[in-house]
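J.: Return atomic coordinates for the entry below.
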Amino acid sequence: MTPTSFWTGKRVRLRGIEPDDWTAFMRFAVDEERLGDLLQPPRSAEGFRTWATEQATSNSDGECFRLAVEAVETGEIVGTVGSHHADPRAGWFEYGVTMGADHRRKGYAAEAVVTLLRFMFAERRYHKCLARVFAHNEASLALHRRLGFVEEGRLRDHVFFAGRYHDVVMLGMLADEFTRLHSMSGQLDSASNATRT
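T.: Presented below is the predicted three-dimensional model:
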């Protein structure tokens, strides 16, 4: 399938969050707890509905935003990706990606991340992207390394959940490193197409 916009790739389409997306985000929260990510107090269905409505109606400054990741083939929401910290003056931003448990290792995360980075580097003219990954999350660390991120440091015993402290790995990628590995035209290159996460 030929992409119809900058935000549509071969596997995923990135789009704004809609109020009706709340059920998918509720499932993602359950997945994160089950898979050993941060443990949060239970939220009500109404809490997720309210959150999704707020996301759908909030104004983005174009620097920090969250997008739904939708599978092109099925139209189902498979995850979320977004920029959540940015320093335009220094030229860096930090991003995050989450995939539902049933949608991992299908190439969705890789394509979503490359699309987001392409936007931030080419359109917003950022110089550097940062990512924080729990040290025990080997799948996420492998994804970031395949995409071209470099480990820049480790924050020892930086977060506490599931009854103990965990390290956080800091990863970074510069705009010119991204350009060497990935097309800036909106089409994924062969390295990204080969990634399955």
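
J.: Would you map the helices across this structure?
T.: Secondary structure of the chain by DSSP state H: the helices cover 22-34, 45-57, 108-118, 138-147, 175-181, 190-194.

J.: These: which one's closest to Gly75?
T.: Ranking those by proximity to Gly75 (C-beta to C-beta) places helix 22-34 first, at 11.5 Å. C-beta here means a position set from N, CA and C on the backbone, and glycine is covered the same way.

J.: Okay, angle between that closest one and helix 45-57 too, please.
T.: Counting by axes from the mean of the first three to the mean of the last three C-alpha atoms, to 10 degrees, helix 22-34 points 110 degrees away from the direction of helix 45-57.

J.: So for helix 22-34, what gets flagged as buried?
T.: 22, 24-26, 28-29, 31-32 (16 or more other C-beta atoms under 10 Å).

J.: Could you dump the residues you listed into CSV and include pLDDT and distance to Ala112?
T.: Shown next, in CSV, are the buried residues of helix 22-34 (pLDDT from 0 to 100; distance: C-beta to C-beta, whole Å):
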residue, pLDDT, distance to Ala112
Trp22, 94, 20
Ala24, 93, 14
Phe25, 89, 15
Met26, 90, 20
Phe28, 85, 14
Ala29, 84, 19
Asp31, 77, 16
Glu32, 74, 17
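
J.: low-scoring stretches of the protein, by residue?
T.: For the chain, applying pLDDT under 70 flags the ranges 1-4, 34-39, 186-197.

J.: if you set the cut-off to 80 instead, what comes out?
T.: Scanning the chain for pLDDT under 80 picks out 1-4, 31-41, 60-62, 162, 183-197.

J.: Break down it into its strands, ranges please.
T.: Along the chain, counting by DSSP state E, strands occupy 12-15, 65-71, 77-87, 92-99, 128-134, 150-161, 164-174.

J.: Dump the helices of the chain into a markdown table; add distance to Phe161 as well.
T.: Converted to a markdown table, the helices of the chain look like this (distance: least, C-beta to C-beta, whole Å):
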| stretch | distance to Phe161 |
| --- | --- |
| helix 22-34 | 10 |
| helix 45-57 | 20 |
| helix 108-118 | 22 |
| helix 138-147 | 16 |
| helix 175-181 | 31 |
| helix 190-194 | 31 |
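
J.: OK, contacts around the residue nearest to Val159 when sequence neighbours are not counted?
T.: Of all residues not flanking Val159 in the chain, His166 sits nearest, at 5.2 Å (C-beta to C-beta, 6 or more residues apart in numbering). When contacts are counted by C-beta atoms under 8 Å, 6 or more residues apart in numbering, His166 touches 134-136, 157-160.

J.: now with 10 Å?
T.: Taking C-beta atoms under 10 Å, 6 or more residues apart in numbering, we find His166 in contact with 36, 38, 134-137, 155-160.

J.: count of neighbours near the residue nearest to Met99 when sequence neighbours are not counted?
T.: Nearest residue to Met99, sequence neighbours excluded (C-beta to C-beta, 6+ apart): Gly79, at 3.9 Å. Counted by other C-beta atoms under 10 Å, the residues lying close to Gly79 total 23.

J.: Thanks again, I'm all set now.
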